[in-house]
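# Sequence and predicted model, in that order:
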Amino acid sequence: MQSQKELFISHELFSKDPFEIVSNPIFQRIYEIYDKVSQYIREFLNKNGFLEFKSILLGPVTDPGIRGAKQITVDYYGKEYKIMSSAILYKQFLAAARKKSGKEGKIYFFADNLRLEPLETASMDRHLVEFIQVDLEIADADHFDAMKIAEELLFYVISRVKENEKELKMIWEFFQPYWESRGLKQRTELKLPKLPLKRYTHKEAVDILKNTIQENPNYFEQIKRLFKIEPKKISYTTEIHWEYEWLISSINEEPFFIYDYPRGARGFYDREYPDKPGILMDFDLIYPEGYGEAASGAAREYEINKVIQRMKETGERLEKYKWYLEFLKNHGIPTAGFGIGLERLVRYICALPSIYLTLPYPKIPGIYNL
Ligand code: ASP
Ligand code: MG
């Protein structure tokens with residue numbers, strides 16, 4: 001018999017009797033917080049002049065830069081269409097069109113996204129195959145403008161969700177026994193972050209990680225134990241791998257940004273600084289206490305020649321992007337935006353050992369539960 005302790009941090013949780021789990025009062029409290037967080041996000045965005053559009057599910061092409069995840073193809077009347085892994089291209093279009101109409105070019109989706117994440121992410125507690133990201137875009141903006149909206153949004157949601165402190169404390173108390181074994185810090189209160197949040201360049205973040213590991217090589221063992229993977233090399237020229245995002249997250253006590261990722265790390269739509277070749281005008285927002293990535297965003301590459309050059313470099317088939325390239329050629333303007341994972345935000349607020357506890361039918365990479 002599995003002890004209760006093992007069960008709550010196990011992928012088997014929902015395969016026992018999903019009804020028992022989903023009808024459990026603690027889980028129902030989590031779903032209530034999920035609902036409230038969604039409401040607070042909409043409140044903030046609508047107050048700040050953003051218009052919500054219905055999320056887009058299908059298209060001839062979707063965002064190709066999704067960190068090793070595979071896209072899902074469907075047969076759309078004899079043509080291969082993709083299920084959105086991220087609707088970045090559509091956001092740019094809508095923000096530019098709204099601006100052109102004479103309004104503020106600020107738009108968002110509660111975007112349903114599907115990503116067949118690599119199998120090893122199943123043990124990382126923050127990947128779902130099916131998830132929602134609140135995906136927004138702002139016309140005539142750059143990544144620094146987008147970062148400001150991201151931190152203000154987080155601040156607003158946390159300040160509103162604190163009104164539910166009694167419910168939150170009940171959830172935290174229930175999951176407290178599982179935190180340590182999932183690499184999460186102890187939590188007694190949800191602190192309102194101080195704005196502006198700390199901002200590290202990618203280079204500074206890599207330096208911090210290298211120093212931290214040099215001072216305490218035991219972190220390698222902890223990574224192996226926690227995530228059942230061999231830690232990769234830390235590099236100035238690639239993404240910050242999941243295990244190091246966890247590490248830098250766990251040694252911070254407030255949310256923070258990493259910005260200026262190297263060119264190899266992200267897709268063609270993250271704009272390269274015109275005066276700093278090889279560096280992208282983009283960012284991630286990271287939670288503290290071990291919860292890892294919250295959001296990714298960027299200023300967009302919108303100049304058609306540059307976009308085509310970047311697409312060729314990463315081997316994209318240009319004809320798939322026909323509508324997008326036509327749009328950029330005729331109407332492209334500077335825009336910036338980001339996507340913040342809804343389930344990750346709820347996980348952080350509720351201090352849940354794993355992201356799959358946020359949803360009644362979680363799709364965990366490689367697991368056939370529900
Ligand atoms: N949607 C995000 C963006 O706006 C990126 C992502 O989907 O990961 O850049
Ligand atoms: Mg990301």
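That came through, no problem. Ligands and ions are numbered 1, 2, ... in the order given.

# Where does the stretch 101-250 of the chain get nearest to ligand 1, which residue?
Closest to ligand 1 within the stretch 101-250 of the chain is Asp135: 4.7 Å, counting by C-beta to the nearest ligand atom. Where C-beta positions appear, they are placed from N, C-alpha and C, glycine not excepted.

# Got the phi and psi for that residue?
Dihedral angles of Asp135 (phi, psi; degrees, to the nearest 10) stand at phi -120, psi 110.

# So what sits opposite it in the bridge?
Phe109, Gly339 (DSSP bridges).

# what does Gly292 give?
The partner residues for Gly292, given DSSP bridges, come to Tyr287.

# so how far is ligand 1 from it?
Using C-beta to the nearest ligand atom, to the nearest Å, Gly292 is found at 13 Å from ligand 1.

# Spell out which parts of the stretch 1-150 of the chain neighbour ligand 1.
63, 86, 88, 133, 135 (C-beta under 6 Å from any ligand atom).

# Just the buried positions in the longest helix belonging to the chain, please.
Longest helix in the chain by number of residues, with DSSP state H as the criterion: helix 25-47. Buried residues in helix 25-47, counting neighbours by 16 or more other C-beta atoms under 10 Å, are found at 27, 29-30, 33-34, 36-38, 40-41, 44-45.

# Show me what that helix is packed against.
In terms of contacts (3 or more C-beta pairs under 8 Å, 6 or more residues apart in numbering; DSSP states H and E), helix 25-47 is packed against strand 51-52, strand 106-114, strand 130-139, helix 143-161, helix 165-179, helix 342-350.

# Tabulate the ones you listed in TSV, adding columns for mean pLDDT.
TSV is the format used below for those (pLDDT from 0 to 100):
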stretch	mean pLDDT
strand 51-52	98
strand 106-114	97
strand 130-139	98
helix 143-161	98
helix 165-179	95
helix 342-350	98
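
# could the ones you listed go into TSV alongside mean neighbour count?
Putting the helices and strands packed on helix 25-47 into TSV (neighbours: other C-beta atoms under 10 Å) gives the following:
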stretch	mean neighbour count
strand 51-52	14
strand 106-114	22
strand 130-139	24
helix 143-161	19
helix 165-179	16
helix 342-350	25
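
# Distance to Gly290 added to the ones you listed, as JSON lines?
Listed next are the helices and strands packed on helix 25-47 as JSON lines, based on distance: least, C-beta to C-beta, whole Å:
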{"stretch": "strand 51-52", "distance to Gly290": "32"}
{"stretch": "strand 106-114", "distance to Gly290": "24"}
{"stretch": "strand 130-139", "distance to Gly290": "19"}
{"stretch": "helix 143-161", "distance to Gly290": "17"}
{"stretch": "helix 165-179", "distance to Gly290": "8"}
{"stretch": "helix 342-350", "distance to Gly290": "10"}
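
# For the stretch 151-300 of the chain, what lies in contact range of ligand 1?
Within the stretch 151-300 of the chain, the positions near ligand 1 by C-beta under 6 Å from any ligand atom are 296-298.

# So which of those wins on neighbours?
Within these, most neighbours by other C-beta atoms under 10 Å means Gly297, with 28 neighbours.

# who touches whichever strand or helix holds it?
Counting by DSSP states H and E, the element that carries Gly297 is strand 292-299. Contacts to strand 292-299, defined as C-beta atoms under 8 Å, 6 or more residues apart in numbering, come from residues 126, 141-143, 146-147, 150, 154, 242, 245-246, 249, 255, 266, 269-271, 280-287, 334-341, 344-345, 348.

# Could you list the buried residues of the helix or strand just after it?
Using DSSP H and E, the next helix or strand after strand 292-299 towards the C-terminus is helix 304-313. Residues 307-308, 310-311 are the ones in helix 304-313 that count as buried (16+ other C-beta under 10 Å).

# which of those residues lies closest to Ile234?
Comparing the buried residues of helix 304-313 against Ile234 with C-beta to C-beta places Arg310 closest, at 25.1 Å.

# how much space is there between that closest one and Tyr31?
Relative to Tyr31, Arg310 is positioned 41 Å away (C-beta to C-beta, to the nearest Å).

# Ok, Pro353 next?
Here the criterion is C-beta to C-beta. By it, Pro353 lies 17 Å from Tyr31.

# just to revisit the earlier point, looking at the buried residues of helix 304-313, which one is closest to Glu230?
Among the buried residues of helix 304-313, and counting by C-beta to C-beta, the member closest to Glu230 is Arg310, at 31.3 Å.

# Surely His127 is in a strand?
No - applying DSSP: H, G, I helix; E, B strand; the rest coil, one finds His127 to be coil, outside a strand.

# what's around it, how many residues?
Using other C-beta under 10 Å, His127 has 26 neighbouring residues.

# How about the contacts made by it?
Counting by C-beta under 8 Å, 6+ apart, His127 has contacts 117, 121, 355, 364-365.

# now Gln222
Contacts for Gln222 (C-beta under 8 Å, 6+ apart) come out as Gly183.

# and it, what element?
Counting by DSSP H and E, the element that carries Gln222 is helix 218-227.

# Leaving out sequence neighbours, find the closest residue to Leu94.
Leaving aside its chain neighbours, Leu94 sits nearest to Ile107 (4.6 Å; criterion: C-beta to C-beta, 6 or more residues apart in numbering).

# worst-scoring helix or strand of the chain, pLDDT-wise?
helix 4-8 (a mean of 68; mean pLDDT, DSSP states H and E).

# Beyond that one, next helix or strand please.
Next along the chain after helix 4-8, taking DSSP H and E as the criterion, comes helix 13-16.

# Please save the CA atoms from that next one in PDB.
Extracted in PDB, the C-alpha atoms of helix 13-16 (Å, rounded to 0.1, in the frame of the first residue of the first chain):
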ATOM      1  CA  LEU A  13      -2.900  10.100  -7.800                       C
ATOM      2  CA  PHE A  14      -5.700  10.500 -10.300                       C
ATOM      3  CA  SER A  15      -5.700   6.900 -11.400                       C
ATOM      4  CA  LYS A  16      -6.900   5.500  -8.100                       C
END
